[in-house]
Every structure is written in C-alpha cells, then in structure tokens.
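Asker: With the input below, show me the fold.
(one chain, ligands or ions: 1)
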Amino acid sequence: MPHASFLELLCPWPGCGFQIWFIDFRLEFVDRALYDQGVAAWESGAGLIGRCPGCGRRVLFNLNGKFRVDGDGDPAGPQER
Ligand SMILES: [Zn+2]
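Answerer: Numbering: from 1, shown residues only. Modelled structure (predicted):
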C-alpha cells in the first residue's frame with residue numbers, strides 16, 4: 001500500500017492539534033479487493049479517507065495533503081482549512 005508523509009503535520013480539523021506525519025492504511029491486511037481499490041484511489045489522486053487518531057474525525061488523505069471530510073457520506077472534495 002502506498003505510504004505518505006506530510007510536510008504539514010497538523011490534523012486539518014480546528015482545535016485538534018494532533019500531528020499526522022505519516023500514514024499507512026495497511027489495506028493489504030484487510031482484503032485484497034479493498035487493497036486494489038485503495039491503490040487505484042491513491043494513484044488517481046482521489047485519495048483515501050481515514051480517521052484522525054487524535055479527534056476521530058474523518059480526514060481525506062491524498063497527494064496534496066490532508067483535508068476535512070464532513071458528515072458520513074462521500075466527500076464533496078478538499079475543503080479550506
Ligand atoms: Zn484530528
């Protein structure tokens with residue numbers, strides 16, 4: 001699974017302050033189909049959504065950085081921080 005390290009460390013959610021400097025989704029340990037989808041999403045630039053270990057809120061990770069994801073549906077796209 002692709003890994004990423006970030007120059008901007010802080011979680012994108014206001015007031016969180018958790019430093020996310022590296023991420024490894026480890027989808028290969030979950031399911032092969034999910035892994036293939038994750039690699040395709042990463043390589044396409046769409047990215048993957050995970051939860052911040054600090055605040056538990058959803059974050060979109062892609063090659064451009066980290067972005068808040070509101071609600072439980074699909075993200076509307078990267079948002080201003
Ligand atoms: Zn956070």
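Asker: Please tell me how far Ile23 sits from the ion.
Answerer: Distance, Ile23 to the ion, using Cβ to the ion, to the nearest Å: 13 Å. Just so you know, the C-beta spots here come from the backbone N, C-alpha and C atoms, and that holds for glycine as well.
Asker: for Arg51, that is, sorry about that
Answerer: 8 Å.
Asker: try Cys11
Answerer: Counting by Cβ to the ion, the gap from Cys11 to the ion is 3 Å.
Asker: where does the spatially most central residue of the chain land in three-state SS?
Answerer: Against the mean C-alpha coordinate of the chain, by Cα atoms, centre = their mean, the closest residue is Phe61 at 2.8 Å. When the structure is split into helix, strand and coil by DSSP: H, G, I helix; E, B strand; the rest coil, Phe61 lands in strand.
Asker: residues touching it, list them.
Answerer: With contacts defined as Cβ atoms under 8 Å, 6 or more residues apart in numbering, the neighbours of Phe61 are 4, 23, 47-50.
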